[in-house]
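Peer 1: take a look and give me a structure for this.
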Amino acid sequence: MLQVGEQVYLTKLEVKQDGVRFELLTAGTALPRYRAEVRFAVPDLKRKAARRSGTDYRCSIVFKACSAAGGDDQRERSAPDVPSHRSTTRPGVAPIAPAQEQRIADQLKRAPASVAKQVAEATDTLQPFIALDSCINDYAGKSQMQTYLGPHGDLNAVVLPYVVLRYHDKGSCLDVTRIQGWTALSLNAVQFQVVYTAADSGESAARTHVMQKEPDGTWLMNN
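Peer 2: Next up is the predicted model:
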């Protein structure tokens, strides 16, 4: 359910003679995301709009959880992606589309058998880390990478992919074309490369990352 102060997108706004309908979609990369359908019953909307006050409107809200693929648990059609230039979920970070999130999840599942166990254990770190890396579009967003860096990580050494893309519209996230070069450096450290592509300009950037398992069992990035 939505929490107080949580950011949402407004989509599918419809204004009719007898009411207003729109949908709210929770922001961010965490799953599940939620969609709320909001309906205001306003009989004779035009006449009452002129009065502007003193009218009691009825409102109904229905929440539905969205799956990783962007659909919901009742198999209703998914809400359209919100144009990223209209809103951002966090300062310096473009909003990621459900299809882009799913692409990252699919690529992680394709990790070779030699590192599959480590990748599965590290998914809770890798999924949001790669999503954030693909969506940061301003230096203001870089500090948010610190959440996923371990004690050996250096935020100053992190080079974000958007920096080298000259023609990409920074208001949208990059697509993760593939994750490759999986290499077990040790039992508790794995190196891999992510290839990011801008759908609008066709530009690409590749970044090599290292994840390391901490003594408490948590996998963090050692960039």
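
Peer 1: buried set for the top strand by length along the chain?
Peer 2: Counting residues, the longest strand found in the chain (DSSP state E) is strand 175-186. For strand 175-186, burial by neighbour count (16 or more other CB atoms under 10 Å) applies to 175-176, 179, 182. For glycine as for every other residue, the C-beta is placed from the backbone atoms N, C-alpha and C.

Peer 1: ok, stretch 123-131 next?
Peer 2: 123, 125-131.

Peer 1: burial count for Glu214?
Peer 2: Glu214: 13 surrounding residues under other CB atoms under 10 Å.

Peer 1: doesn't Asp169 make contact with Asp200?
Peer 2: Yes - look at Asp200 against Asp169 with CB atoms under 8 Å: they come within range, at 5.2 Å.

Peer 1: mind listing the strands for this structure?
Peer 2: 8-16, 19-26, 33-41, 58-66, 175-186, 189-197, 204-213, 219-221.

Peer 1: pLDDT on the third one, on average?
Peer 2: Across strand 33-41, pLDDT averages out at 68.

Peer 1: which non-adjacent residue is nearest Arg166?
Peer 2: Glu203 (7.1 Å; CB to CB, 6 or more residues apart in numbering).

Peer 1: go on, Thr208?
Peer 2: Thr208's closest residue in space is Gln193 (CB to CB, 6+ apart), at 4.8 Å.

Peer 1: send me stretch 98-108 as PDB with only the CA atoms.
Peer 2: Taking Å, rounded to 0.1, in the frame of the first residue of the first chain, the C-alpha atoms of stretch 98-108 are listed here in PDB:
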ATOM      1  CA  PRO A  98       9.000  -1.600 -15.800                       C
ATOM      2  CA  ALA A  99      10.200  -3.200 -19.000                       C
ATOM      3  CA  GLN A 100      13.700  -1.900 -18.300                       C
ATOM      4  CA  GLU A 101      13.600  -3.300 -14.800                       C
ATOM      5  CA  GLN A 102      12.500  -6.700 -16.100                       C
ATOM      6  CA  ARG A 103      15.400  -6.700 -18.700                       C
ATOM      7  CA  ILE A 104      17.900  -6.300 -15.800                       C
ATOM      8  CA  ALA A 105      16.200  -9.200 -13.900                       C
ATOM      9  CA  ASP A 106      16.300 -11.400 -17.000                       C
ATOM     10  CA  GLN A 107      20.000 -10.700 -17.700                       C
ATOM     11  CA  LEU A 108      20.900 -11.600 -14.100                       C
END
